[in-house]
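*Asks:* let me see the structure of the following:
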Amino acid sequence: MKKMILKSAIFSLFVISYPLLQAQDTIVLDKIIAKVGGEVIFHSDVEEQMAMMRERKATPGDAERCLILESLMAQAMLVHYAKIDSVEVTDDQVESEIDSRMNQILSMMNNDRKMFQDVYGQTVSEMREQVKDDMLRKLLADKMRAEIMNKVGVTPSEVVDFYHRIPADSLPYFNAEVELAEIVIKPKVNQEERAKALQKINSIKDQIKAGADFEELARKYSDDGSAKDGGNLGWTTRGNFVPEFEGAAFQLEKGQISDVVESEFGFHIIQLIERRVNSINTRHILIRPRITDPDLEKTKNKLDSIKHLIEIDTMTFADAVHKFGDKKVQSFSNNGRMINPKTSNTFFETGDVDSEIFFNIDTLSVGEITPPIQYRTPLGDYEYKIVQLQGRTSPHLANLKQDYSRIQDAARESKRNLAFGDWLSKKLASTYILIDPQYRQCPNIEHWQAKWMSYN
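*Replies:* Model prediction:
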């Protein structure tokens with residue numbers, strides 16, 4: 001028996017950015033409805049995804065239920081052969097992926113663990129344990145799929161052929177779009193403010209040594225969202241903290257408190273709450289040096305100077321990104337080109353562009369650069385960037401001249417899907433498959449059916 005809706009909400013952690021599904025007490029009797037090799041699919045597995053669709057205001061029926069089952073069977077086939085082919089997913093990879101998703105949700109809840117428990121009906125630790133097996137299966141399937149598909153490429157002639165096979169009345173219509181690049185500079189803390197912050201964190205450290213409660217001090221003084229939870233940062237594995245913090249945290253023993261640690265965020269005192277294999281649960285107190293108005297003005301003037309160097313052809317925009325830009329910004333490794341988080345490509349419909357940037361680029365010609373733009377980071381700090389308009393298109397039907405890279409991506413994806421379909425077809429002939437009779441009416445399942453389950 002499973003709490004179907006609850007587990008559906010758990011899965012929603014991994015597919016939507018800010019889930020608000022409430023745990024309910026709906027209970028279903030479970031049964032196996034399909035077997036693929038050594039993998040089994042339960043009735044509740046299908047119903048969980050049906051429930052998720054209903055939560056999104058959809059009205060799924062038998063057709064959607066059939067498609068869900070086929071998707072689950074395809075994943076089961078991948079997992080089955082991943083195990084046969086000894087595809088490896090380590091415990092660290094599973095823990096890291098769960099940590100990443102959990103931390104993302106917690107950050108959107110301002111690290112409010114009570115809210116998390118209210119929404120999901122379980123603590124973060126309980127949730128982690130419940131999703132572990134499912135995450136392992138997901139990563140195994142993803143890795144097996146990647147081995148099948150990632151070597152597939154397309155030639156320019158295949159891109160052209162793919163485009164010409166699209167019926168004229170099916171060509172996508174693109175709204176006005178822009179391509180943008182940025183140089184981001186983080187203001188430097190002046191020495192006076194750094195000294196004030198260091199003095200404050202050392203004073204807090206002295207209070208801890210004198211017996212003061214760490215959690216209470218975190219609630220009172222810490223300059224980040226974890227303060228309300230006594231500084232608790234939850235469970236995490238290596239690679240999720242900045243190097244200075246991580247290096248100190250992983251050296252601690254249970255209950256031990258670190259010396260003062262300096263990172264790009266400020267000064268930390270860290271306490272190890274618990275260790276579990278390669279995961280740790282920590283709390284910290286963060287004191288962040290204040291950025292002053294003169295610090296911001298220096299940053300703005302520096303970006304003005306960089307803009308001038310680019311405009312007089314002393315250096316290219318890409319060169320300036322790598323010489324002056326913040327290395328931790330996603331666009332840094334892409335020569336400054338900004339990625340649209342909605343589409344994961346470099347094209348922004350004008351409505352997707354941040355309003356402050358839009359008003360600065362609206363009158364620019366391609367190649368021109370905005371004045372320094374002040375903006376706020378997720379932590380509330382002010383930083384500056386300059387933005388170059390690298391491309392602009394008017395509304396148009398997709399064509400090879402303007403949209404080659406996107407057509408290339410679509411052609412590659414189509415070819416990869418064909419490669420996966422070929423792999424699947426070959427495996428069907430040699431894989432033990434069993435399907436419940438209630439899904440006999442599913443037209444998309446016919447090619448899977450070797451024989452039917454029978455019940456007395």
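
*Asks:* who does W235 bridge with?
*Replies:* N281 (DSSP bridges).

*Asks:* hmm, I was thinking of S263
*Replies:* G266.

*Asks:* hang on, it packs against A248?
*Replies:* No: look at S263 against A248 with Cβ atoms under 8 Å: they stay out of range, at 9.3 Å. (C-beta placed from N, C-alpha, C; glycine too.)

*Asks:* looking at those two, which one has more neighbours?
*Replies:* Applying other Cβ atoms under 10 Å to S263 and A248 shows that A248 carries more neighbours, namely 21 against 16.

*Asks:* buried stuff in the one helix or strand the more buried one maps to?
*Replies:* Taking DSSP states H and E as the definition, one finds A248 inside helix 243-249. By neighbour count on 16 or more other Cβ atoms under 10 Å, the buried set for helix 243-249 is F245, E246, A248, A249.

*Asks:* mind listing the helices for the stretch 101-250 of the chain?
*Replies:* Secondary structure of the stretch 101-250 of the chain by DSSP state H, counting those that start in this stretch: the helices cover 113-120, 124-149, 156-165, 191-209, 214-221, 243-249.

*Asks:* of the ones you listed, which approaches C442 most closely?
*Replies:* Across those, C442 has its closest neighbour in helix 124-149 (21.1 Å, Cβ to Cβ).

*Asks:* what's the angle from the closest one to helix 113-120?
*Replies:* 70 degrees (axes from the mean of the first three to the mean of the last three Cα atoms, to 10 degrees).

*Asks:* just the buried positions in helix 124-149, please.
*Replies:* Within helix 124-149, the residues that count as buried by 16+ other Cβ under 10 Å are 124, 127-128, 131, 134-145, 148-149.

*Asks:* just stretch 304-323 next, same as before
*Replies:* I306, K307, I310, F317, A318, A320, V321.

*Asks:* which element is the first one on?
*Replies:* This points to I306. Per DSSP H and E: helix 293-311 holds I306.

*Asks:* just checking, what packs against that helix?
*Replies:* strand 177-185, helix 317-324, strand 382-393 (3 or more Cβ pairs under 8 Å, 6 or more residues apart in numbering; DSSP states H and E).

*Asks:* ok, back up a step: which one of the helices of the stretch 101-250 of the chain lies nearest to E48?
*Replies:* Among the helices of the stretch 101-250 of the chain, helix 124-149 comes nearest to E48, with 10.2 Å by Cβ to Cβ.

*Asks:* and the closest one, how far out from the chain middle?
*Replies:* Once both centres are worked out by Cα atoms, centre = their mean, to the nearest Å, helix 124-149 turns out to sit 15 Å from its chain's centre.

*Asks:* how many neighbouring residues does Q388 have?
*Replies:* For Q388, using other Cβ under 10 Å, the count is 25.

*Asks:* separation between it and I369?
*Replies:* Using Cβ to Cβ, to the nearest Å, Q388 is found at 5 Å from I369.

*Asks:* cool, K35 as well?
*Replies:* 60 Å.

*Asks:* between those two, which one's more packed in?
*Replies:* I369 (23 against 20).

*Asks:* that one against I386, yeah?
*Replies:* Yes: with contact defined as Cβ under 8 Å, I369 counts as touching I386 (5.4 Å).

*Asks:* who touches both of these two?
*Replies:* K307 (Cβ atoms under 8 Å, 6 or more residues apart in numbering).
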